[in-house]
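In: Sequence below, structure please.
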Amino acid sequence: MTRPIPLQRGVSGGKIVGSSQYSWDDDSQMKDRTEKPDLNQTRSPHDQTNISLSNLINLSYNSPSKLSKSGVVENGFRSDSIINTGSSRSRKNLTMLILKFSLVLIVILALSGSLWWTISITTSSRGNIFRGHRRIQERLVSDLVEIGELSRGATRLKELEFCSPERENYVPCFNVSENIALSDSDGSSNDRQCGQESRQNCLVLPPKNYRVPLRWPTGKDVIWLANVRITAQQVLTSGSLTKRMMMLEEDQISFRSDSLMFDGIEDYSHQIAEMIGLSSESSFNQAGVRTVLDIGCGYGSFGAHLLSKQLLTMCVANYEDSGSQVQLTLERGLPAMVGSFNSKQLPYPAVSFDMVHCARCGVDWDKRDGIFLVEVDRLLRPGGYFVWTSPLNNLRGSLRKKENQEKWTLVRDFADKLCWTMLSQQDETIVWKKTSKKSGCVSRNSGSGPPICSKGNDVESPYYRPLKLCIGGTRSQRWIPIEERATWPSRDKPNSTELGIHGVHPEEFVEDILNWNLEVRNYWSLLSPLLFSDHPKRPGDEDPSPPYNMLRNVMDMNARFGGFNSALLEAGKSVWVMNVVPTSAPNYLPLIHDRGYVGVLHDWCEPFPTYPRTYDMVHAEGLLSIETSQPKRCTMLDLFTEIDRLLRPEGWVILQDTASLIETARALATRLKWEARVVQIASNNEKRLLICQKPLLKTQLK
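Out: This next block holds a predicted model:
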């Protein structure tokens, strides 16, 4: 079988057979633009002005000897017939003098008119059109500069330089050394501090011995040691329940959570199920549990085990310079992001998780008057579960110490004030159940517990707002006990009443589902010859079975209803999707969580809270249009360098937007050394598709 032609960076290619909706752009057009740029485009306005002035000056100062017998001067302008007589010589001199004077006058008038026109336009723009809109003026200038760069041809754009080696595993906004100086007395040094550091548009290099991760599901249990910032000593000395489930084997780390010899995670999850009142962890779904927030997740073994029970677990942990829980969890192909319980609310909607889990997670739940437990209460759905495993809870050990007993008593009493019901306590584990009563309970009404949040403080989808010591989520129409919600996968298709809560019409939702099912089929028809070039398949064949699943971690940068996520699962793809709702777009994040998926709010002028090289695919439909319509705080290049930081080597980018924005994006892709193709959407002449692949760069700065 003929191997597919590899992508050519910055140019388009030929048609792909079998794609009914998409076709590659004409290669010759792009080639003309990149290899043979128009001289008039590349020539600066200053150069053109000099040429015009030179012609005029030459014409003015041409001597009679330079006039041809035919009466045509060298620059192409025709003159009158010349009679070689003495009387006519003086007339000729007078004529030439008048001509010179006229030409000089024309030049002066032209320059004066041009200057006057420029001043009048500028004055008019400032005084009448753009009065009070300085940001729009700055954006216009920036856009004109960007257009000027594009007009010179993609081949003339300078490729970005590489970042310094210190940024190999660096997470912007979570630089501990800088945050310590900015932190408050509440110990918020681990908190996210964006806007305090200068942005660097450079390419983050992978580690020296970086290797493309093993494909799913093999990559869930085996990762390359060189891909993550953790030492062999850290692996060998890991002490928590999940960290003990690791073994170092030469250049690999293996996770033994599924091994019969190391069944601690399975026993642990079975224990939690029994404490809730279920026969086994397989019954979690029937009890209404689908999404789990795992705080301080170790290296993701608890979530990896629950995945086999159709539960989706999001790991949240502090930024760590090395030995990162988040980095290793994502390397395994499991959902994770950097976040902390210190001073700010997490960017998740209220009442969105069926279970919050903490196993030796390092959070002091007894501190700050119980404000961290209040945040857990905000995130939990009515009837949801909080599972806390800590040596502090051991009745036969730690609780014999007076200090530990006081801490445990504070947590227990505050849980009562939140109207949580303690279901059971076994060994080091306690399980509480959040109340299903929206109106609160007697203790709150008596004033002994946290008050109900006011309307201004009860934001359904906060974006890193300060923690509030009040009960949130009670004003939400989504206050539905987990027992009354549809179980997975029926939860993915909300009924008309549930859609009405989110302001979505059923017909609009159905249309979105059908559209994304079609889009995913077309995406795969384009990507399959490239994704599976080493393992070719014939049209109509299923994707190669594992370990040849080439995609696992997927990010949708403009998720809207979560339709792309749903369509991928509908097509049988073994992926999980980080659904991101831009702060500049309509907020449908609560709907995404109610469908049984995970996602966050995010401002794309800021870095995403994750480590470099953590996603196999980054997808965005309409994001460029949304961001360019906003007052400009960042450039498209800023956005693209952030995508490059998120993307694993050999990872893919799929962008769908207007033709003009996609052309701009293609030019930027060449600066990032991506291999890029533009695809025309047959059903929509105004839209284009940009498909890029990030190469595995061998250049090292070490």
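In: pLDDT (mean, whole number) over stretch 287-306?
Out: Averaging pLDDT along stretch 287-306 gives 94.
In: mind exporting it as PDB, just the C-alpha atoms?
Out: Only the C-alpha atoms of stretch 287-306 are listed here, as PDB (Å, rounded to 0.1, in the frame of the first residue of the first chain):
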ATOM      1  CA  ALA A 287     -25.700   5.300  43.000                       C
ATOM      2  CA  GLY A 288     -25.400   8.500  40.800                       C
ATOM      3  CA  VAL A 289     -21.600   8.800  40.900                       C
ATOM      4  CA  ARG A 290     -20.000   9.700  37.600                       C
ATOM      5  CA  THR A 291     -17.400  12.600  38.100                       C
ATOM      6  CA  VAL A 292     -14.900  12.600  40.900                       C
ATOM      7  CA  LEU A 293     -12.600  15.400  42.000                       C
ATOM      8  CA  ASP A 294      -9.400  13.900  43.500                       C
ATOM      9  CA  ILE A 295      -7.400  16.400  45.500                       C
ATOM     10  CA  GLY A 296      -3.700  15.700  45.800                       C
ATOM     11  CA  CYS A 297      -4.200  12.500  43.700                       C
ATOM     12  CA  GLY A 298      -0.700  11.000  44.100                       C
ATOM     13  CA  TYR A 299       0.000   9.800  40.600                       C
ATOM     14  CA  GLY A 300      -3.500   9.100  39.600                       C
ATOM     15  CA  SER A 301      -3.900   5.400  40.500                       C
ATOM     16  CA  PHE A 302      -7.300   5.900  42.200                       C
ATOM     17  CA  GLY A 303      -8.700   7.600  39.100                       C
ATOM     18  CA  ALA A 304      -7.100   5.000  36.800                       C
ATOM     19  CA  HIS A 305      -8.900   2.200  38.700                       C
ATOM     20  CA  LEU A 306     -12.300   4.100  38.700                       C
END
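In: Use 8 as the first number for this chain going forward.
Out: New numbering, starting at 8: the last item is stretch 294-313.
In: Go through it and flag the buried ones.
Out: Of all the residues in stretch 294-313, those buried under the rule 16 or more other Cβ atoms under 10 Å are 294-313. C-beta: built from backbone N, CA, C; applies to glycine.
In: Apart from its neighbours in sequence, what residue is nearest the residue nearest the centre of the chain?
Out: The centre of the chain sits closest to M564, judged by Cα atoms, centre = their mean, with a distance of 4.8 Å. Closest residue to M564 apart from its sequence neighbours, by Cβ to Cβ, 6 or more residues apart in numbering: A627 at 3.9 Å.
In: Provide the partner residues of that neighbour in its beta bridges.
Out: Listed beta-bridge partners, A627: L662 (assigned using DSSP bridges).
In: returning to what we had before: what separates the residue nearest to the centre of the chain from G479, distance-wise?
Out: The gap separating M564 from G479 is 27 Å, by Cβ to Cβ, to the nearest Å.
In: hang on, the earlier thing: does the residue nearest to the centre of the chain touch V587 like I think?
Out: Yes. M564 lies in contact with V587 (Cβ atoms under 8 Å); the separation is 5.3 Å.
In: Contacts only, for the nearest residue to I237 once chain neighbours are set aside.
Out: Leaving aside its sequence neighbours, I237 sits nearest to G330 (Cβ to Cβ, 6+ apart; 4.7 Å). Residues near G330 by Cβ atoms under 8 Å, 6 or more residues apart in numbering: R236, I237, T238, Q241.
In: Over to V299?
Out: Contacts of V299 (Cβ under 8 Å, 6+ apart): G310, L313, L318, L319, T320, M321, F360, D361, M362, V363, H364.
In: Closest to Q207 out of these?
Out: When these are compared for distance to Q207 (Cβ to Cβ), M321 wins out at 28.9 Å.
In: Now do whichever helix or strand the closest one is part of: everything it contacts.
Out: Per DSSP states H and E, M321 falls inside strand 319-324. Strand 319-324 is contacted from outside by 297-304, 307, 309-310, 313-314, 331-333, 336, 341-347, 353, 360, 364, 368, 583, 603-605, using Cβ under 8 Å, 6+ apart.
In: Repeat the analysis, applying 7 Å as the threshold.
Out: Strand 319-324 is touched from outside by 297-304, 307, 309-310, 313, 332-333, 336, 341-346, 353, 583, 603, 605, with contacts defined as Cβ atoms under 7 Å, 6 or more residues apart in numbering.
In: Ok, stretch 306-317 next?
Out: 227, 249-250, 252-253, 262, 264, 272-273, 276, 288-289, 291-292, 299, 301, 304, 320, 322, 332, 335-336, 339, 341, 343, 364, 366, 495.
In: Compute the first-to-last residue distance for that stretch.
Out: 19 Å (Cα to Cα, to the nearest Å).
In: Give me the subset of the contacts of strand 319-324 lying in strands.
Out: T298, V299, L300, D301, I302, A343, M344, V345, W583 (DSSP state E).
In: which residues does the fourth one contact?
Out: Contact partners of D301, counting by Cβ under 7 Å, 6+ apart, are F309, G310, T320, M321, C322, H364.
In: Between all of these, which two are separated the most?
Out: F309 and M321, at 11.6 Å, using Cβ to Cβ across those.
In: okay but L596 is in contact with P354, surely?
Out: No. Using Cβ atoms under 7 Å, L596 is not in contact with P354; the gap is 8.5 Å.
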